[in-house]
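Participant: how does the following fold in three dimensions:
(4 chains)
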Amino acid sequence: MVKLTIDNKPVEVAEGTTILKAARQAGINIPTLCYFELDGMKFENKPGGCRVCVVEVEGRKNLAPACATDVMEGMVVHTHSARVINARKTVVELILSDHPNDCLQCSKSGDCELQTLAQKLGIREIPFKGEQSTYKKDSTLSVERDMDKCIMCRRCETMCNKIQSVGALSAVNRGFEAVVSPAFDQPLGESSCINCGQCVQVCPVGALSLVDNVADVMKAIADPTKTVVVQTAPAVRVALGEEFGMEPGSIVTGKMAAALRRLGFNYVFDTDWSADLTIMEEGTELLGRIGKVLAGDKTAKLPIFTSCCPGWVSFYEKNFPDMLEYPSTAKSPQQMFGAVAKNYFAEKIGVKREDMVVVSIMPCLAKKSEAAREEFKVNGNPDVDFSLTTRELAHMIKQCNLNLNDMPSEDFDSPLGESTGAAVIFGATGGVMEAAVRTAYEVFTKKKLDNIDFEVLRGFDGVKTATVDFAGTPINVAVAYGLNNARIIMEEVRDGNPRGFHAVEVMACPGGCIGGAGQPYHHGDSSIIRKRMEATYREDAGKPIRKSHENPSIIAIYKEYFGEPCGHKSHELLHTHYFDRSKKIEKE
Amino acid sequence: MTKVKSLADLKAMREKFQSNLDVREKSNNQEEMVQIKVAMATCGIASGAKQIMEYMMEKADAMKIRVVFTQTGCMGYCHAEPTIEVKVPGRDPLVFGHVDNKKADEIFEKYILNNEMVDGIIPVNYEVIDK
Amino acid sequence: MATIKLSESKIKTIKDICKSFDNKSGEVINVLHQVQGAFGYLPAEVQEVVAMELNMPVAQVYGIVSFYSFFTMQPKGEHPISICLGTACYVRGAEKVLDEFKRQLNINVGETTKDGKFSLNCLRCVGACGLAPVVMVGDKVYGRLTPDNVKDIIAEYNS
Amino acid sequence: MAKYKMHVLVCGGTGCKASQSAQIVENLKAVLTENGLQDEVQVITTGCFGFCEKGPIVKMMPDNTFYTQVKPEDARTIVEEHIIKGRKVTNLLYTDPENNEHVSDSKHMGFYKKQIRIALRNCGFIDPENIDESISRGGYEALGKCLSEMKPEDVIQEIKLSGLRGRGGGGFPTGLKWEIASKNHADQKYVVCNADEGDPGAFMDRSIMEGDPHSIIEAMAICGYAIGATKGLVYIRAEYPLAIDRLQIAIKQAREYGLLGQDIMGSGFDFDIELRYGAGAFVCGEETALIHSMEGKRGEPTFKPPFPAVSGYLGKPTNVNNVETFANIPVIITKGADWFNKIGTEKSKGTKVFALAGQINNVGLIEVPMGITLREVIYEIGGGIKDGKEFKAVQTGGPSGGCLTKKHLDTPIDYDNLIAAGSMMGSGGMVVMDETSCMVSIAKFYLEFTCEESCGKCTPCRIGNKRLCEMLTKISKGNGTMEDLYELRNLAAVIKDTALCGLGQTSPNPVLSTLDNFWDEYVEHVVDKKCRAGVCKSLMSYEIDQTKCVGCTACARNCPVGAIKGEKKMPHTIDPAVCIKCGACIERCKFGAISIK
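Facilitator: Take a look at the predicted model:
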C-alpha cells in the first residue's frame, strides 16, 4: 500500500494505482476527457493526450496527468490549485478554439463530455482565435462522422483497432492536422468498417454519431396508407429507462410497449418472439451439422458460429471469406421478424407488402446497415424498413411529449409478441448460446433439462468456453464478445479447431447487445452494463416459459406455416447466405 | 578473415597497423620530434635523394627514433645534393650535404642521439622554405 | 470493399520487398522506405498492397505514411528541388531563394510543374550549414545561393 | 605494402562532398599517378574536419598544411607545387582575418585553438571506411578492456564517476541511465543509438557517424555489456545517406573482425547491431517516440514513466543514448573517469560538440570544453560576426532552446547555466544572429517548425503551439495588441507546464526567451508597428531617396509587380499600394537610393 496526500486528504491505495483512481477512491473527481475505461472488459484508453486531468505534484517541475501517473509514497497532490485550474481551463479553451460552436444543433448536446467540462470549468469565452480544422462530412448507413468536432481523444481508434480489430480508423497526419480517419480520408463506408458503432458509443463529443431515422418513422406513422409494425429487441427493455432518469437495470418492457402504442404504431410486437424462432432454426442447424460430421460428411463444417449480430456478420464477410460455410445460415432475429411480418403476417391481415412498414427498435447501429442489405429485400422493398436505436426511440418518445415513467404496463400484441426467457437473454453475451443449449439439449437427448441456468456461459469475460454433456456426447461451446476475441477464435478454427468447438457465439459489443452502440451512452461506467445484464437474467428468471421450443406461438407457426425447422419454407424466409466482401487486388 | 580473439590480439593488430598512420600521428606533434626535410627537387632526386630518404626512414624505425620526414623543394645547394635539413627539438636546424648511407648513419648515431658534430654541415645562409 | 488495381510487376515488387522483411508488420517503415525507393512515391493502391502483405489495416499504413514527412503520396518531378529551411539557411536568406523558385517555376511547395520536370519541397537541414543557404536538386547540392542563382539552376535542367 | 611518405586527407563530410570533394580526391589520385607518386603519397577521404565554412578542406601530412576551399582544379597545383616541389600553395592557405596573414597549420587557427576533441577525436583524421585505421588509433581497445578486465558494474561505475550526461538534449546522467537499465532483468534488452538528429541547423551526430562510425559501434557494445543487452539498434535519419553507408560498412568490418557478433574477443559476450531508419519526424528524437517508430508505428511519445529502461523497444528494457554521448564512452574507458571529469564544470563534465551556424564568419563543427563562454565560442572560434555587423543573439538548443543576448556572452556554457538563462543545451545547434534578424520572426520560425513537427497527440502542443504561432503571425503583421503579448506569455507557460513530452514542454522556449530578452522589440511591433531588423514585410515601406536616385531604371525593370515608376535619368518613385516588399529593387540599386522605412 502507498500513502499519499491529495488536496490535504491522506489517502492510502494499492501500489500501481494512478493518481486519478486514488483521488476517486478519496471522493475527489478529477475531470478527464480522453481517458476512458470499461472496468472488467479490458478496454482502456489513456493516451494522456488531452491534458485535462493535469494535477500539481509537489516537487515536480511540470504538471502531471492524473490518469497516467502512478502514486508514490509520500506524494503530495493538488488537484485544484490556481496553477492547475489555469492550466486546465487554458487546455479546454484550446480544445474549444478548434471546435465548432454549434452545441444547440449538435446531436450530442446534453450528453457531451466536452460541453459538461466547459460548464464545470465555467468557460465563458475563448481567448484564442485561429484556424479551425474542417473535414468532409461522411456517413455510412449507420455512422455519421463530423470530424470538425474531433478532439483527438483516440477512444474510437482504440476501440476500432484493439477491441474490434476492425482497423477502419487510425490517427492520420500530424500536428494540428492530426485526426482519426479511414485510410486516404476515404468514406468510412468504403473502409473495413463493419458498422458496429462502438466508435460512436465511446466518442465524448458529437464527432461520431448515429444516422438518425426518427423522422422517417414519424412520417410512416403519419401516412394513413401504411400499416406500421414495430419490433423491439431484447436488450432495449433493460436500458431504455435510463434515458428517462430511471436506475440502470430498470426493466421497462410493459411501459415501452405502451409508449410504442401511443406513438401510433399499429402493431407492437417483440423481436424476442423471432429470437425464439432463431433458436429453433439455429439449434436444428447445429444438430444437423453435428449429425453430418459424426456420419463422416466432410462438407459439413464445425463449429457453427451464431449469426445474430450484424457487425459480426460483416466482419467475417470482410475478413474470413474462406470460412463463409461456418456461420449459421439462420437470419438474425430482426430479419426473421421482418420476413415473417411482411409475408406471413401481412398475408394474414390482408395488407400488401408495400403498404406495411416494419420498424425495429434495436440496441445496435449495425442493424441499420443489416436492414438495408439487398438480400433482405423483395423487389426493392426491405423486410425491415427502418431500424431505430434505443436512443432514437427515447428521443421519439420525448418529442411526442410522452414520459416513459408515466406509462402503464401493457402487453405486446399477438401473434408475434409472445416470447420465452430464452429469447430475453439474447441481449447479454452468452445468452444466445445458453438459449440454444436449452433447446438443443432437449431436442438431441429427448430428455428434459433439469437445470437450465448455465452460469458458466454468463458474465463479462471476453471469451468463455464450456463443455456441455448432451447425455454422453460432449458438446464444446465458446462465447466471445469483442471482434478481436472472435478473430482469435476464427484463426484458431482455421488452423484446425484444436479445441474441438462445436458451436461459438459471437457478439461484437462489450457484454453483448446490452452494451450495444445504440444504447444510452454509458460514458465508460461499466457498472451500467452490468446492471443491464443483471436485469436481463432477472427478466428471464421471471418468465413462465424459458425454452424457445416451448413457446406456444412458435409451436403454432411451425404447425400452421413453416412445417419444421430448417424445412423448405423456413429456408426460403428464415435463412440467408453470405458474400465474400473482402478487399481484392486486381492485376491491371 | 582474421578474427580478433582477445584484447592482446587487438593490441597486436594496433601495433601492426600503427605504422600506416604514423605519418599522420607524427604530424600532430612534430615540434616534439626530430624533423628531417629531404630536398626532393630534380637535382636531389637525380643524386639519390629518394633512396636516401627511404634508407633513413628504415634506419629511424630500426633505432626506434620518432622522426617526421618531409620532402621539400630545392634548397639551393645543388652542388651538395642530396641535402637534408635536420631539426632536433631544442636545437637549431642544420643542413647536411652529400648525404649517403654512411653519412646518414653518422647523423643518426652521432648528431641526433648524442649531439656530436658531423662533417658536411652547410653554413646557415639559406632561406627558410616555409616563408 | 473496393477492388485495388495495380500492374502485375508492381505487385510483385511490393510482395518481394515485404517478403524480404518476413512480412512482419513491425517492419512496415522499412518496407515503405524500400517501396518508395522503388516507385518514387506511395500511392493509395501501393499502400493497400503493403497493408495486405503485412496483414495490417491499411488505415494504419496510411496513418504512418501521413505521419512521416519523408513519405509522399505525390509523384515527384523529374528533378525534385529541395530547399533547406534549417536555421542556418533560414538566417542566411533561404526564404528569399525559396520565393524565387516559386516565382520562377510558378508552383507552390509540395507541387510539381505541369510538365512534370520540377517539384518543390522544403526540408530541414541537410547538414551542409557551411554552404548556407543550400538547395538540392536530385542528389546535387547547391550552396551559398542568392535569388540570382535560381534562374541558372533551373536553366541547367531545362536544356 | 607500400610505405607512404605522405598522406593527403580530403574531407568527405556532407558539406565538403557537396562542394565536389570527391572530385578533388579523384583528381589528386590522377595527377599523382601521372607523376608516378601513387605509391609515395596516399590520398584518404576522411570525415568532417569541422571547418565547414572553409570547405572543402585538404590536409597535407606530415607537414600539417591545411588547405581551405579547394577546388577540383587545384589538385594539380597541390601535387606539383606542394608534393613535388615542396612549396606551400599560399593562395589555398587559411587567411587570418585579424592580420590577413596566411596560416598553414590548423593548430594556429583561431577556429581550432580552443577546441578539445574527444567525441570528434578521429573525425578528419582517419579513413572512416577502414577499420584498420580506427584500430591503430586504439579503436575497440576500450571494449577489449571492458570485456577482459572489468565487470559490467565496474563499467557503469566508471561512466557514473566520469559525470557524463546525455548529449542529446536533456542532460540525464548517462551512468545512472545505464544502471537503471542494468537492474531491470529481462530475457532480452536493447541498446539504442539515437541518430535521428532533427534540429534544424545541427549536424554533429551526422559528422561523428560519417567521420568515426567505429567509435559508436564500440560504445554500443560497451553499453550492451554493461546493461546486459545483446542487441543494438541505430535509429538513423533516412536523410543521412552518407552516414548510413559508412555505418553499414563499419558494422560489416566489425563483424568480419569478430568485434561484433558472437563471443567477442573470446569473452563469451555476444552483441550485434542493426540499423533502423527514421522517416522525417522531429519528434522521433524523443526516446519513447523513437521506440514506437522503430516498432513500425506512428512516432508518438508516451508518458514517462514507464521509462524505456523499464519498458522500451518491444516492451523490453532499452537504453537510449545519442550519438555524441556514445562517442565519449570509449575514451572514458581508456583514459579513465578521473581524466574525463577534470574537463568541464562542476556539474557538466567533458566537452560538447556544437554546430556553429548563422551570421558568423566560421561556420562549422566545434568541440569545446564545458564551461567555455559564448564570447569565446563566437568571437575566438567563430571569428566574430559576418561582415563586421553587430552581434544580437545566439540561439542554442534548436526548437527547444532559446535566444540568448549580449548579457549572456560571458556565461560559461553548461547544462544548468543554459537552462537558467531560459535556453537549453539541446543537441548542440548554435545559431548566431546579427542585427538583421527580427526576434519575433525568429520565434515564429521555430514555432512554425514545432507546429509542423508536432505529433498532434496532446492538446497543448497540437492546438496550443498553433495558436502561439498564429499570435506571432498577427504581431509580425502589425495587428498585435498588448493583450496578445500577455496572452502569448500565459499560453506559452501553460504549454510548458502541460505538454506530454519533452519536446512539447520545451517548444515555447523560443517564445518565452525572446519575450524575456527582447520585450522592447515585441512592443515595437505591437505599439509602433515597426520591425527594427526590417524583416517583417507588413511593417515596412520602401522608399526611393529622390536625391540619390539617378534614374538608371534598374529597380523599375526588376520590380516583379511594376510598382516603380519614373522617367529615365529622373528620380523614380514606388507606389506603396502595389509594392509587395520583395526587396528586389534594393538588391539591384547600385546607388543606395532605396531604403526601408
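
Participant: residue ranges with poor pLDDT in chain B?
Facilitator: B:1, B:41-42, B:74-76, B:78, B:123-131 (pLDDT under 70).

Participant: chain neighbours aside, what residue packs nearest to D:I333?
Facilitator: Excluding the flanking residues, the one nearest D:I333 by Cβ to Cβ, 6 or more residues apart in numbering or on different chains is D:A142, at 3.7 Å. Backbone N, C-alpha and C define where each C-beta goes, glycine included.

Participant: give me every residue that touches that neighbour.
Facilitator: Each residue near D:A142 by Cβ atoms under 8 Å, 6 or more residues apart in numbering or on different chains is listed here: D:218, D:222, D:329-334.

Participant: ok, of those residues, which come out buried?
Facilitator: D:218, D:222, D:329-333 (16 or more other Cβ atoms under 10 Å in any protein chain shown).

Participant: list just the nearest of those to D:E197.
Facilitator: D:I329 (18.1 Å; Cβ to Cβ).

Participant: now do the host helix or strand of the residue nearest to D:I333: distance to the chain's middle.
Facilitator: Under the criterion of DSSP states H and E, D:A142 resides in helix D:141-149. Centroid separation between helix D:141-149 and its chain, computed with Cα atoms, centre = their mean, to the nearest Å, is 31 Å.

Participant: stretch A:254-264 now?
Facilitator: 23 Å.

Participant: domains in the chain, by residue range?
Facilitator: All of this refers to chain A. A:2-120, A:222-273+A:334-406 (automatic domain parsing).

Participant: nope, chain D please
Facilitator: According to automatic domain parsing, the ranges for chain D are D:6-109, D:131-340, D:351-434, D:439-528, D:541-596.

Participant: now those domains as TSV including mean pLDDT?
Facilitator: Below are the domains of chain D laid out as TSV (pLDDT from 0 to 100):
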stretch	mean pLDDT
domain D:6-109	87
domain D:131-340	93
domain D:351-434	91
domain D:439-528	94
domain D:541-596	87
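
Participant: how about those domains, which one is nearest A:V293?
Facilitator: Nearest to A:V293, of those and by Cβ to Cβ, is domain D:131-340 at 41.7 Å.

Participant: roughly how far out does the closest one sit from the chain middle?
Facilitator: The answer for domain D:131-340 is 19 Å, by Cα atoms, centre = their mean.

Participant: nearest approach to D:G562 belongs to which of the domains of chain A?
Facilitator: Among the domains of chain A, domain A:2-120 sits nearest to D:G562 (Cβ to Cβ), with 40.7 Å.

Participant: so is that closest one next to chain D?
Facilitator: Yes - Domain A:2-120 lies within reach of chain D by Cβ under 8 Å from any Cβ of the partner chain, at A:47-52, A:54, A:62-63, A:65, A:68-70, A:83, A:86-87, A:90-91, A:94-95, A:97-98.

Participant: any of the residues you listed buried? List them.
Facilitator: For the residues of domain A:2-120 next to chain D, buried by 16+ other Cβ under 10 Å: A:47-52, A:54, A:62-63, A:65, A:68-70, A:83, A:87, A:90-91, A:94-95, A:97-98.

Participant: which residue is nearest the middle of the chain?
Facilitator: Chain wasn't specified; assuming chain A. Centrality entry for chain A: nearest residue to the mean C-alpha point is A:G516, 1.6 Å, by Cα atoms, centre = their mean.

Participant: sorry, I should have been clearer: chain D.
Facilitator: D:A202 (2.2 Å).

Participant: next, the contact list for the residue nearest to that residue when sequence neighbours are not counted, please.
Facilitator: For D:A202, the nearest residue in space outside its immediate sequence neighbours is D:G429; the separation is 3.7 Å by Cβ to Cβ, 6+ apart. D:G429 is in contact with C:87, D:199-202, D:354-355, D:357, D:395-398, D:401, counting by Cβ under 8 Å, 6+ apart.

Participant: just A:I475 next, same as before
Facilitator: Counted by Cβ under 8 Å, 6+ apart, A:I475 has contacts A:290, A:437, A:440, A:467-469, A:502-503.

Participant: closest one of those residues to A:S328?
Facilitator: A:A503 (8.9 Å).

Participant: that closest one against A:P303, yeah?
Facilitator: Yes - under the criterion of Cβ atoms under 8 Å, A:A503 is in contact with A:P303, at a separation of 5.3 Å.

Participant: does A:C34 touch A:C153 like I think?
Facilitator: Yes - under the criterion of Cβ under 8 Å, A:C34 makes contact with A:C153 at 3.7 Å.

Participant: shared neighbours, these two?
Facilitator: A:45, A:47, A:49-50, A:204.

Participant: give me the residue from chain C nearest chain B.
Facilitator: Closest approach between chain C and chain B, counting by Cβ to the nearest Cβ: C:G130, at 23.5 Å.

Participant: how far away is that residue from D:H102?
Facilitator: 21 Å (Cβ to Cβ, to the nearest Å).

Participant: can you list the low-confidence ranges for chain C?
Facilitator: Using pLDDT under 70, chain C drops low at C:1-2, C:127.

Participant: that one: strands as residue ranges?
Facilitator: C:3-6, C:79-84, C:118-123, C:135-137, C:140-142 (DSSP state E).

Participant: closest to chain A out of these?
Facilitator: strand C:3-6 (4.7 Å).

Participant: who does the closest one touch, helix- and strand-wise?
Facilitator: Contacts defined by 3 or more Cβ pairs under 8 Å, 6 or more residues apart in numbering or on different chains; DSSP states H and E place strand C:3-6 against strand A:584-587, helix C:44-53.

Participant: who touches the longest one?
Facilitator: Applying Cβ under 8 Å, 6+ apart, the contact partners of helix C:44-53 are A:183-184, A:583, A:585, C:4-6, C:10-11, C:14-15, C:18-19, C:23, C:28, C:31-32, C:35, C:39, C:57-58, C:60-62, C:65, C:73.

Participant: any of those residues buried? List them.
Facilitator: Judged by 16+ other Cβ under 10 Å, buried ones among the contacts of helix C:44-53: A:183-184, A:583, A:585, C:4, C:6, C:10-11, C:14-15, C:18, C:28, C:31-32, C:35, C:57-58, C:60-62, C:65.
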